[in-house]
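Asks: Below are the sequence and a predicted model for it; my questions follow.
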Amino acid sequence: MSGKKAAIILMGIILLVSLLVVIALTIFYAVYEPSINQSTQSLEFISSNKKI
């Protein structure tokens with residue numbers, strides 16, 4: 001009985017962690033991808049000013 005209970009709890013924890021990872025990744029890509037694109041554009045802008 002205790003082994004089955006432990007297995008069910010373990011499966012529940014694994015499912016919860018995987019859901020949290022998926023949510024965290026979606027938030028990460030939604031928030032940080034635009035800022036990464038902006039930082040690369042600003043770096044190109046700075047390098048173009050130095051060339052001039």
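Replies: It's in.
Asks: This structure: helices as residue ranges?
Replies: 2-51 (DSSP state H).
Asks: can you count the residues close to A24?
Replies: A24: 10 surrounding residues under other CB atoms under 10 Å. From N, CA and C alone the C-beta is placed, and that goes for glycine too.
Asks: go on, I9?
Replies: Using other CB under 10 Å: I9 sits among 10 other residues.
Asks: Contact partners for it?
Replies: With contact set as CB atoms under 8 Å, 6 or more residues apart in numbering, I9 has no partners.
Asks: Model confidence score at it, please.
Replies: With respect to pLDDT, I9 scores 96.
Asks: measure it to L16 for me?
Replies: According to CB to CB, to the nearest Å, I9 stands 11 Å off from L16.
Asks: dump the residue contacts of M11.
Replies: The contact partners of M11, by CB under 8 Å, 6+ apart, come to none.
Asks: Could you report the distance from it to K4?
Replies: From M11 over to K4 (counting by CB to CB), the distance is 11 Å.
Asks: Repeat that for L20.
Replies: From L20 to K4 the distance is 25 Å (CB to CB).
Asks: what about F28, how many residues close to it?
Replies: Look at F28: counted by other CB under 10 Å, it has 10 neighbours.
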